[in-house]
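> prediction below, plus the sequence it came from.
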Amino acid sequence: MSKKISIFSFLTVFLFLMVSFSLVSGGGGCDPGNVRGYAWSDNIGWISFSCFNTYDSGEGVDYGVYFNSITESLSGYAWSDNVGWISFESDDLEGCPDGDCEAVIDGSGDVSGWAKVLSNGEWISLSDIELEGNRFTGYGWGDRTIGWASFDCENEDECQESDYNVFLVLPPDPPSDVDVEFREDNQCVGEHSVPTIVWEYSDPLGADAEGYKIETAYGSIEESIFLEDGDVTETTISPNDWDGSQEWGTTFDCTIQVKNEHGLYSDVNECTFSNLARPYPQPELSWSPETIHFEEMIEFTGKDDVQEEGVSMTDELRRTFEFDFGEHANPEEESVEDTVEKEVVVETYFDVEAVGDEKISLLRITYENPNDVNHPGLSYSCKIEENLGEIRHPFPEYFEN
């Protein structure tokens, strides 16, 4: 099979005929249908089944062949540079040579019916074509000009020379098992809650995932992902994804769609989640003096720098501050429990064994009464670690003679 016509050789005559036939939708550009790719005829060359073969979505001129999975019927138009429009529209197929005229794909993948070349009335039989997975195999037959039209390069064992086929794409299934989680490790990053939305992706034809779109009352996210059919996927709404301030203790509505590798989005699945009752603590740790010598008493200040704008709860928040100074500190740990204060001070000193070491100290702040009835299992606890630097010898004492 000699292919001297390039797949992408749609010439000026193509655009002229596009307009003159008025078979395409107006104004919106290419709306990629769910039948894509090319068939090949030794007599007329390439037959394109979708404008998406040539144009990006929304550009160029709109045409294509479409499969309706409910009626199992094909409709629309394919294009040949040499014979023009090839119709799969039922109105054009009345009076076909034999049997049922409408082009259909039954539940087992067998294709039947006819297509018709509009320029010369040539009928194309589809009865030797099958849909295997999402790929059409076999041949169409036209008894005048077209002859045999191969729907798959594997028919002629020539895919290395020219990798072509006609294939079906369908939107992915709506995301299932949608859940919204508030994971502890994500909540200490700032003054917004950080929900993680989890869902399961599946596609009726096994196409891989390539993206998703999530919208909430406070912002939208559209991302690219690359996952295989059947994978569980997730996204975390970081503070940068929120638009404006955040209302604590309120219920959010959200929607989620997934996109497959063919650029088709699923139907929308709706989700709802209750926001956290309040932001998590924002610990700060400082000490004085800043340069630490052994056996010198050090004051450590623990502070909760949380901003509670939009929190509607009236109960006075109670906190526990836990300090961990590490080994060779006296004491190694201190705590101030169940206090309404946002700032506390404790003291410790380091013994001689600490000299020369760089010490890391830790402060953890935990809310004792967050009163989050929608998320009773969350700890409302965050920590911060600070490098105190090297513990030094004290300055030598000066004596006058």
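Sure thing, it's come through.
> every contact and neighbour count from this point should use C-alpha atoms.
Noted.
> how about Thr137, what does it touch?
Residues near Thr137 by Cα atoms under 8 Å, 6 or more residues apart in numbering: 129-131, 150-152, 154-155, 165-166.
> and with 7 Å instead?
Neighbour list for Thr137: 129-131, 151-152 [criterion: Cα atoms under 7 Å, 6 or more residues apart in numbering].
> do the same with Val344
Contacts of Val344 (Cα under 7 Å, 6+ apart): 301-303.
> how near is Gly45 to Val258?
Using Cα to Cα, to the nearest Å, we find Gly45 at a distance of 36 Å from Val258.
> and what of Tyr164?
As defined by Cα to Cα, Tyr164 lies at a distance of 27 Å from Val258.
> of the two, which one has the most company?
Val258 (31 against 20; other Cα atoms under 10 Å).
> what's opposite that one in the beta bridge?
Counting by DSSP bridges, Val258 forms beta bridges with Tyr212.
> and it, how far from Glu270?
For Val258 relative to Glu270 (Cα to Cα), the value is 12 Å.
> go on, Asp110?
36 Å.
> picking that back up, restricted to helices, list the contacts of Val344.
Among the contacts of Val344, none falls in helices (DSSP state H).
> out of the residues you listed, grab the one that's most surrounded.
Neighbour count (other Cα under 10 Å) singles out Gly302 as the most crowded of the contacts of Val344, with 24 neighbours.
> mind splitting this protein into its structural domains?
12-168, 176-274, 283-390 (automatic domain parsing).
> mind checking how far the first one is from the chain centre?
In this case it means domain 12-168. Centroid displacement of domain 12-168 relative to its chain, using Cα atoms, centre = their mean, to the nearest Å, is 32 Å.
> what pLDDT, on average, does that domain get?
Mean pLDDT, computed over domain 12-168, is 88.
> swap in stretch 283-300?
For stretch 283-300, mean pLDDT rounds to 94.
> residues of that stretch that come out buried?
By neighbour count with 16 or more other Cα atoms under 10 Å, stretch 283-300 contains the buried residues 283-285, 287, 292-295, 298-300.
> stretch 360-378 too?
In stretch 360-378, counting by 16+ other Cα under 10 Å, buried: 361-368, 370, 372.
> the helix or strand hosting Leu285 - contacts with which helices or strands?
Assigned by DSSP states H and E, Leu285 belongs to strand 283-288. In terms of contacts (3 or more Cα pairs under 7 Å, 6 or more residues apart in numbering; DSSP states H and E), strand 283-288 is packed against strand 298-304, strand 381-390.
> in CSV: those, plus distance to Phe325.
Converted to CSV, the helices and strands packed on strand 283-288 look like this (distance: least, Cα to Cα, whole Å):
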stretch, distance to Phe325
strand 298-304, 10
strand 381-390, 10
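> re the thing from before, what is the nearest of the contacts of Val344 to Asn53?
Relative to Asn53, the closest of the contacts of Val344 is Lys303; by Cα to Cα it sits at 61.2 Å.
> looks to me like Thr136 is in a strand.
To be clear, residue 136 is Phe; Thr isn't right here. Yes - under DSSP: H, G, I helix; E, B strand; the rest coil, Phe136 sits within a strand.
> surely it and Val166 touch.
Yes - counting by Cα atoms under 7 Å, Phe136 does reach Val166; the two are 5.6 Å apart.
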